[in-house]
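>>> Need a 3D model of the sequence below.
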Amino acid sequence: MKTIKALVIGLMVIVSFNLRSVNAHAEEVKHVVTSSDTLSKISEKYFGSTDFVDKIAKDNQIDNPNLIFDGQVLKIETQESVGGIKLIRHNKVIIDQTPKETKAEETVQEKQVADSQNTPDEVTGKVLYMESTAYSSDPRDSLGGGTVTATGQNLLTNPMAVAVDPNVIPLGTRLYVEGYGEAIASDTGGAIKGNIIDVHFSTYEQCIQWGRRTVKVTILD
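Predicted coordinates for the structure are as follows:
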């Protein structure tokens, strides 16, 4: 009798699991963007990873993943099969199928990450709190500014650069940007006006990860 009971319970569990699998093809969620949102944060919230920024942008016909607006409604497909990988909401296990970067690119990126993580014991100077965005010399960044800054800095060999409004921060000023590191105000941009800066990264993925945030900027000289 116990054997029969166990068998029945086992069959019920299998049927329940199969039903859930059938219904898990595509759960569509409407997400209303707030002022603190970035596509990286939204990807992390619904997929447990920032690897699906491009997917969210594509599903919502967003040309520039760095630019979303307060009140914008996004369609999030939280469960589906993409390229043979099952995407489960809040799943923390993601298979990385991104092609490996070349050794030279890896060296530049590792240096840039190390620079941004090495916070001086004491940073002194005039402090500003500024809105920040990110741009890249990566060809995939449609809004990128090329490989040479307004002052002639080569971003391929020296990627640590900040675009500023020269009326607020003069070009050539040495800065320490919270979460980014020490860099030179060596670039400008059409959208960089007033209390906003644009930090440079070597890859488009790093720009997506940075998003848009308020940072503490210390003028070192």
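>>> Let me see the ranges of the strands in the chain.
28-32, 73-77, 80-82, 85-87, 126-136, 161-163, 174-177, 181-187, 196-201, 213-219 (DSSP state E).
>>> ok, and the helix or strand in the protein with the lowest average confidence?
strand 85-87 (a mean of 41; mean pLDDT, DSSP states H and E).
>>> Domain-wise, how is this structure divided?
Domain assignment for the chain by automatic domain parsing gives 23-98, 103-219.
>>> For these, give me CSV that also has mean neighbour count.
From N, CA and C alone the C-beta is placed, and that goes for glycine too. Converted to CSV, the domains of the chain look like this (neighbours: other Cβ atoms under 10 Å):
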stretch, mean neighbour count
domain 23-98, 15
domain 103-219, 17
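>>> Select from those domains the stretch with the lowest mean pLDDT.
Among those, domain 23-98 has the lowest mean pLDDT, at a mean of 70.
>>> could I get the strands of the chain as CSV with distance to residue 155?
Listed next are the strands of the chain as CSV, based on distance: least, Cβ to Cβ, whole Å:
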stretch, distance to residue 155
strand 28-32, 34
strand 73-77, 32
strand 80-82, 33
strand 85-87, 33
strand 126-136, 9
strand 161-163, 6
strand 174-177, 16
strand 181-187, 9
strand 196-201, 6
strand 213-219, 20
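>>> Of these, which is nearest residue 46?
Residue 46 sits nearest to strand 73-77 of all the strands of the chain, at 5.1 Å, using Cβ to Cβ.
>>> could you turn stretch 57-70 into CSV, dropping everything but the C-alphas?
Output in CSV follows, covering the C-alpha atoms of stretch 57-70 (Å, rounded to 0.1, in the frame of the first residue of the first chain):
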residue,chain,number,x,y,z
ALA,A,57,16.6,46.8,-25.8
LYS,A,58,15.8,44.8,-28.9
ASP,A,59,12.4,43.7,-27.5
ASN,A,60,11.5,47.3,-26.9
GLN,A,61,13.1,48.8,-30.0
ILE,A,62,15.6,50.9,-28.0
ASP,A,63,18.4,52.1,-30.3
ASN,A,64,20.6,53.4,-27.4
PRO,A,65,20.6,51.1,-24.3
ASN,A,66,22.1,54.0,-22.3
LEU,A,67,19.1,56.1,-22.9
ILE,A,68,15.7,55.3,-21.2
PHE,A,69,13.2,57.7,-19.8
ASP,A,70,11.3,58.1,-16.6
